[in-house]
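Novice: I'll drop the sequence and a predicted model, then ask my questions.
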Amino acid sequence: MNPYHCCATCVHIQGVKKEQKTSYYCSRLGYETKTTYQFSCWEPKEEVLKLMKKRGMKS
């Protein structure tokens, strides 16, 4: 199990601030998501890939 695999670490997540609430939207899936969700289309951000590589993990 990969501890980094979640929407918050994916390149497709976008934070959208509405008034005083921030919503998260997946540009790949096309709908709102939560940062803790996991989907098989996960593509980690560059800094996450570097950290995973540093710790000897595979993406």
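Specialist: Received, thanks. Numbers count the residues shown, from 1 in each chain.

Novice: and residue 48, what helix or strand is that in?
Specialist: Secondary structure assignment for residue 48, by DSSP states H and E: helix 46-54.

Novice: what does residue 16 give?
Specialist: Per DSSP H and E: residue 16 is located in strand 13-18.

Novice: Which strands border that strand, and is each parallel or antiparallel?
Specialist: When pairing is defined by DSSP bridges, strand 13-18 lines up against strand 21-26 (antiparallel).

Novice: What is the subsequent helix or strand relative to the partner strand?
Specialist: From strand 21-26, the next helix or strand downstream (DSSP H and E) is strand 31-33.

Novice: how far out from the middle of the chain is that following strand?
Specialist: Chain-centre distance of strand 31-33: 12 Å, with C-alpha atoms, centre = their mean, to the nearest Å.

Novice: Repeat that for stretch 43-50.
Specialist: For stretch 43-50, the distance to the chain centre is 9 Å (C-alpha atoms, centre = their mean).

Novice: May I see the buried residues of the helix holding residue 48?
Specialist: Neighbour counts using 16 or more other C-beta atoms under 10 Å place 48, 49, 52 of helix 46-54 among the buried residues. Any C-beta I mention is one placed from the backbone N, CA and C, and that applies to glycine too.

Novice: before we move on, what about stretch 30-41?
Specialist: residue 33.

Novice: change the start of the numbering to 9 and stick with it
Specialist: Okay, residue one is now 9; in that scheme the one you just asked about reads as stretch 38-49.

Novice: List the contacts of that stretch.
Specialist: By C-beta atoms under 8 Å, 6 or more residues apart in numbering, the residues outside stretch 38-49 that reach it are 13, 14, 15, 16, 20, 21, 31, 32, 33, 34, 36, 37.
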